[in-house]
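Participant: Let me see the structure of the following:
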Amino acid sequence: MCRRPSFIRRFSSSFAVAMWPTKQQQPTATSTSHYSISASASSNGGIIDSTSSSSDDLYESHTHEKVYLPAKSIVVTLAMCVTLPFLIGYFGPLLVLRGLGVVPIVCQGTIMSSSSVALPPQDVTVPKASNEERLPIPTVYEGKHVPLTLYTSKMFPSAGSATSNTVQIDRSSSAFQVKSKISDSNVISQNVSNQQEIVESSFDIGEKGEESNDNPHNSDFDGHLPAGQHLLVDIKNVDSEFLNSEHRLATAMVELITESQLTLLSYHCHSLVPIGVSCAGVLLESHVAFHTWPSEGVIVMDLFTCGSGKLIPILPLIKQLFGVGAEGEDLEEPVLNWSHKLRGFREGFVPDYDPTRNPLDSDTGRFVTGRLQDDIKLPVLSASTDFQTVDVYELMDPTTRNVNNFYKSLEDDGSYESLHPEHFGPNRVLLLDGVIQSTLFGDAPYHESIVHPAMITHPNPKRVAIIGGGEGATLREILKHATVEQAVMIEIDEGVVSLSKDYLPEWQDCSSIAHHRGRDAWCFNDTRADARFEDAMAYFTDNFSPKKDDTDDDNESPYEVIVMDCLDPNDNVEFAEFLYTSDTYIQSLYHALTDDGILVVQVGASPKVDQAADETGGFVNRSEMMKKLNEYGFKSIHIYDESHSGFFASWSTLLAFKDAETRERWYRSSAEIELDLSRRILPTKEGKSSLRYFDGATMKGYQVPGKQFEAVYCRQEEQPQECNDKLLNGFSAYSPVLERHAIH
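Facilitator: Numbering: from 1, shown residues only. Below is the predicted model of the structure:
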């Protein structure tokens, strides 16, 4: 017998194989046989032993034959059995994909592919794409963690689709992108429509985190929560060849996502028949999609993300990448319309979430960014001061202005539009902490209506105080009165004044009266203007509190008129509640006025005729302030509204007279008021009135409160007696019922 070589005996086990007898060696039907296969590692070399026992000696002699197989042959055979199927399974699909024109990508041991499948109808010939036309591959943004994902897809052949392309992300470290251009600077330069000037718009793309994870879309503020942002973009006048190029569009989409610091996991594109392209991309943060109409020059896009990084700052990049204009002198420039909305739910899911602290959850989102129909919607400024956020937008609502007339006003063709461009430009809106404060179209109606009724009612206002009014327009109107010797503006936020000077110059423009002595084109340079950047509540309580000693040498002189132009009473801000309900502050305002002084307060949106009483509705602060004004000594309280202030509702103003005699001047005739205005208001250089909106007839409309004030007043829980009896001889500091039914 042969012994196995020593290297075979070193195996921990040996192999035994039973050799079945040939057909001639099979036992008879009556015989019995027992076969066994055994493996051992005995000292005899682990000989393969196949035995059987039978009564048939001849068969027994055959079954004792021994067969030896080297272990090396067994190992090689097993290796081939494992390796060969693996190679077939690995390279077989790759060969099939290459035959279809697919470019496989191997990244960190994972096979991904950029596939292109032609799905033409029978009468359409689609050329095979060259290597240069293969769609771009999305990559991982540097420093961003992308979890492993499972990709599943199903395609349905359609006669309307000429090609179908799917591209997946390249996760290899060599594919990491450089830092996005957007994150290098938070300043974006862009054209401001009618002025055609370059302005700097400060856009915070998101809160910066640690250096290794400074991507705003990694933030957990919205991430992993049922909330997100939705950006819709429509662009017209786009080059038709660009809109029909799947490769160029896909390249623009990948660049947009990269520059926005988002992560494109995969995308799928179809070239359509006869023309057009549709693409949809799956983001780590959600999705992006667009569709084109090359013949019409239109592309529509939507981008949804679940991160907290802001999407509005990437609008200039979207226009740059997708607003490709066609060549030609007479062709129109691409026009971009967009809408941004907050989606999902934040309250109850985001810890300590306060919608009043998120501008996009306030007026900004509801009335500005959330509207898609505006022909012009340009973010001019988005900045933060030490106290609040400041946003300025240019808007053109097609229901109030014609965009074609606006473009015509920019030409120098002698047309009516070009000679009077001020009548055709877009509106400009100022928002503080997301709440609309003032508009270009409503500037004169709002600021003239809040200032001049009280100023012209007072016989001789010399010293006037402004609480708030940081944009400067309230100061501008007060300085138009020749009787004014000092106008003190107490504004806590100097940053608003500075930003308004740059982005809202009309609000601080006193050029109409600059030719008068001591005046200046910039209102704050007027010798009568005194801007104090401090807390107005602290100023009045420190200087005019009833507890203050009158013998102090630093006592401030009282004012004939005080105008409170600051937060709305219904703002869900703690400071607004103190401003309208603080006993100490309201008493200080009373003592800060001369004996014939007038307090003016803007008190928010006017009520609707079917609205609940202020004390039970959304204007509790307004109701409380009226009660306290009556309690602390004001003899008469009057309220009126102005419907042209540029807000989305009529706006109310409250006047509180410290004595009854001054109020008698409130009810003068239009002619008397006009005569007083001609004597009081500083004229322009041409000798005209410097007022643009207010006059005697307008004042006449303010003298009697609207029916809605009476209706809401009479819905109080304890209904006033005059609501039933119309008692005209009763007295109440504030009673719109008596005012409406009394004879003045």
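Participant: from here on, contacts and neighbour counts on C-alpha atoms
Facilitator: OK.
Participant: all strands of the stretch 351-500 of the chain, in order?
Facilitator: 376-384, 389-396, 427-432, 435-439, 463-468, 486-490 (DSSP state E, counting those that start in this stretch).
Participant: Make TSV out of the ones you listed and add mean neighbour count.
Facilitator: Listed next are these as TSV, based on neighbours: other Cα atoms under 10 Å:
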stretch	mean neighbour count
strand 376-384	21
strand 389-396	22
strand 427-432	22
strand 435-439	22
strand 463-468	23
strand 486-490	22
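Participant: want to try a markdown table for those strands, with distance to K628 and mean pLDDT as columns?
Facilitator: Formatted as a markdown table, those follow (distance: least, Cα to Cα, whole Å; pLDDT from 0 to 100):
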| stretch | distance to K628 | mean pLDDT |
| --- | --- | --- |
| strand 376-384 | 34 | 93 |
| strand 389-396 | 31 | 95 |
| strand 427-432 | 28 | 96 |
| strand 435-439 | 26 | 93 |
| strand 463-468 | 19 | 97 |
| strand 486-490 | 23 | 98 |
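Participant: Pull up the pairing partners for the longest strand anywhere in the chain, direction included.
Facilitator: Ranked by residue count under DSSP state E, the longest strand found in the chain is strand 593-605. If you go by DSSP bridges, strand 593-605 pairs up with strand 559-565 (parallel), strand 651-657 (antiparallel).
Participant: ok so, going back, what would the strands of the stretch 351-500 of the chain look like in JSON lines with distance to E285?
Facilitator: Shown next, in JSON lines, are those (distance: least, Cα to Cα, whole Å):
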{"stretch": "strand 376-384", "distance to E285": "24"}
{"stretch": "strand 389-396", "distance to E285": "26"}
{"stretch": "strand 427-432", "distance to E285": "29"}
{"stretch": "strand 435-439", "distance to E285": "29"}
{"stretch": "strand 463-468", "distance to E285": "41"}
{"stretch": "strand 486-490", "distance to E285": "45"}
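Participant: how about the ones you listed, which one is nearest E615?
Facilitator: Comparison of the strands of the stretch 351-500 of the chain against E615 by Cα to Cα identifies strand 435-439 as nearest, at 22.8 Å.
Participant: Would you mind getting the angle between the closest one and strand 389-396?
Facilitator: 50 degrees (axes from the mean of the first three to the mean of the last three Cα atoms, to 10 degrees).
Participant: Could you pull out the strands in the stretch 601-744 of the chain for me?
Facilitator: Under DSSP E, counting those that start in this stretch, the stretch 601-744 of the chain gives strands at 636-642, 651-657.
Participant: of those strands, which approaches P461 most closely?
Facilitator: It's strand 651-657; of the strands of the stretch 601-744 of the chain, that one is closest to P461 (Cα to Cα) at 13.6 Å.
Participant: ok, and what's touching the longest strand of the chain?
Facilitator: 450-451, 454, 458, 558-566, 568-570, 589, 622, 649-659, 661-662 (Cα atoms under 8 Å, 6 or more residues apart in numbering).
Participant: Let's see stretch 308-328 as CSV, backbone CA atoms only.
Facilitator: Taking C-alpha atoms only, stretch 308-328 is exported to CSV below (Å, rounded to 0.1, in the frame of the first residue of the first chain):
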residue,chain,number,x,y,z
SER,A,308,-32.7,73.7,7.5
GLY,A,309,-30.4,75.3,4.9
LYS,A,310,-32.2,78.1,3.1
LEU,A,311,-33.3,77.6,-0.5
ILE,A,312,-34.1,81.2,-1.5
PRO,A,313,-30.4,82.2,-1.6
ILE,A,314,-29.8,79.7,-4.5
LEU,A,315,-32.3,81.4,-6.8
PRO,A,316,-29.6,83.5,-8.6
LEU,A,317,-27.8,80.2,-9.2
ILE,A,318,-30.9,78.6,-10.6
LYS,A,319,-31.4,81.5,-13.0
GLN,A,320,-27.7,81.4,-14.0
LEU,A,321,-27.7,77.6,-14.7
PHE,A,322,-31.2,77.1,-16.2
GLY,A,323,-32.1,80.6,-17.5
VAL,A,324,-30.0,80.2,-20.6
GLY,A,325,-31.1,82.9,-23.1
ALA,A,326,-31.3,82.4,-26.8
GLU,A,327,-28.9,84.3,-29.0
GLY,A,328,-30.4,87.3,-30.9
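Participant: quick one: contacts for F533?
Facilitator: 490-494.
Participant: In the stretch 401-550 of the chain, where is pLDDT below threshold?
Facilitator: 549-550 (pLDDT under 70).
Participant: same question for stretch 289-301, mean pLDDT?
Facilitator: For stretch 289-301, the mean per-residue pLDDT is 97.
Participant: Buried residues, it. List them.
Facilitator: 289-294, 297-301 (16 or more other Cα atoms under 10 Å).
Participant: May I see those residues arranged in CSV, with secondary structure and distance to M396 as well?
Facilitator: Output for the buried residues of stretch 289-301, formatted as CSV (DSSP: H, G, I helix; E, B strand; the rest coil; distance: Cα to Cα, whole Å):
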residue, secondary structure, distance to M396
A289, strand, 27
F290, strand, 25
H291, strand, 26
T292, strand, 25
W293, strand, 25
P294, coil, 27
G297, coil, 22
V298, strand, 20
I299, strand, 21
V300, strand, 20
M301, strand, 21
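Participant: From these, pick the one nearest A531.
Facilitator: The closest of these, once distances to A531 are taken by Cα to Cα, is M301, at 47.3 Å.
Participant: and the longest helix for this protein?
Facilitator: Assignment by DSSP state H gives helix 71-99 as the longest helix of the chain.
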